[in-house]
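>>> pasting the sequence and the predicted coordinates here, then a few questions.
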Amino acid sequence: MMAKEKAEDGIMETVKTIVYALLIAGVFRTLFFQPFWIPSGSMKDTLLIGDFLFVNKMAYGYSKYSCPFSMCPIDGRILAREPKRGDVVVFRHPVNGSDFIKRLIGLPGDRVQMQDGVLFINGTAVKLDPAPDFIETFHKQGPVGYYPKCANGPVGEGGDCIKQRQTETLPNGVSHSILNVRDGFFSDNSEVYTVPADHYFFMGDNRDNSQDSRYPQVNGGVGYVHRDYLIGRADRIMFSSAGRSLFFFWTWRPDRFLKGIE
């Protein structure tokens, strides 16, 4: 075989290898994982704008919103597993169809309420411990260009934006950070929400900057989320960038690469 023919064969083998790898990656992504880019600050400081993660679509079994190739029943989940309180979950908004990411707070039958900024579950306040303030720079964040909300506002461009931080421990022992921007807001004092059967109650960790289950769906909130709308669980941040573009390598946050989500 001539050298030219050998080179052409080598190129073809390389091309086929790349194609097969892309096909396998595509099938793997469709069946098991879904990429998700954090667009807002509702889950700070657990998740920051610009965090990139893969959602484990098999964590709770397939539903009509996570099922590959539309081969699952449209009226329920298959291989279902019960989500755990404290899981960080991606789900389909029941009204507008967009994907949301929040922390699971209330299970079916739970009574959830906020009193003076403290979360109560089934009549008992969750455990709160003080933590150092969360401080970030006040400037536009991510591709959309949101400014963060600050407890010490107003803050000038480039100044320190401060949020009060506490460690919240849920009844099953799951602990995570929560942030507070202001006291006495609507979301700090609420009615008692009784979670219906087959539904879940979600909240953002950035409590004063999250349109979650505390807000009814008619007002743009999440409301109660039926189990069929769950897409999967977020377990680990794969990549993170603080810039307006992925290609601004100087804004990458390597300390968040492969970081587990708690």
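Sure, I can see it. Residues are numbered from 1 along each chain as shown.

>>> list the contacts of Asp205.
Residues near Asp205 by Cβ atoms under 8 Å, 6 or more residues apart in numbering: 42-47, 103, 176-179. C-beta here means a position set from N, CA and C on the backbone, and glycine is covered the same way.

>>> rerun at 10 Å
By Cβ atoms under 10 Å, 6 or more residues apart in numbering, the contact list for Asp205 reads 41-47, 88, 102-103, 165, 168, 176-179.

>>> again with Ile135
So Ile135 contacts 45, 150, 152, 160-163, 165 (Cβ under 10 Å, 6+ apart).

>>> which two of those residues have the greatest separation?
Longest distance between any two of these is 16.0 Å, between Asp45 and Asn152; criterion Cβ to Cβ.

>>> among the contacts of Ile135, name the ones in strands.
160-163, 165 (DSSP state E).

>>> can you tell me which of those residues is nearest Pro108?
Each of these was scored against Pro108 by Cβ to Cβ, and Arg165 proved nearest at 30.2 Å.

>>> state the pLDDT value of the closest one.
Arg165 carries a pLDDT value of 97.

>>> circling back: could the contacts of Ile135 be laid out in JSON lines, adding neighbour count?
Output for the contacts of Ile135, formatted as JSON lines (neighbours: other Cβ atoms under 10 Å):
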{"residue": "Asp45", "neighbour count": "18"}
{"residue": "Cys150", "neighbour count": "18"}
{"residue": "Asn152", "neighbour count": "15"}
{"residue": "Asp160", "neighbour count": "13"}
{"residue": "Cys161", "neighbour count": "20"}
{"residue": "Ile162", "neighbour count": "19"}
{"residue": "Lys163", "neighbour count": "26"}
{"residue": "Arg165", "neighbour count": "18"}
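
>>> okay but Cys208 is in contact with Pro148, surely?
Quick fix: residue 208 reads Asp, not Cys. No: applying Cβ atoms under 10 Å, one finds Asp208 not in contact with Pro148, separated by 11.3 Å.

>>> between those two, which contacts overlap?
163, 181.

>>> mind showing which ranges of this protein have poor pLDDT?
Scanning the chain for pLDDT under 70 picks out the ranges 1-31, 64, 66-80, 245-246.

>>> Leu128 is in what secondary structure piece?
strand 127-137 (DSSP states H and E).

>>> for that strand, which positions count as buried?
By neighbour count with 16 or more other Cβ atoms under 10 Å, strand 127-137 contains the buried residues 134, 136.

>>> try stretch 43-63
Going by 16+ other Cβ under 10 Å, stretch 43-63 has these buried residues: 43-57, 59-63.

>>> just stretch 108-124 next, same as before
Residues of stretch 108-124 classed as buried by neighbour count (16+ other Cβ under 10 Å): 110, 112-114, 117, 119, 121.

>>> now the two most distant members of these.
Maximum distance among these (Cβ to Cβ): 19.0 Å, for Asp110 and Gly117.
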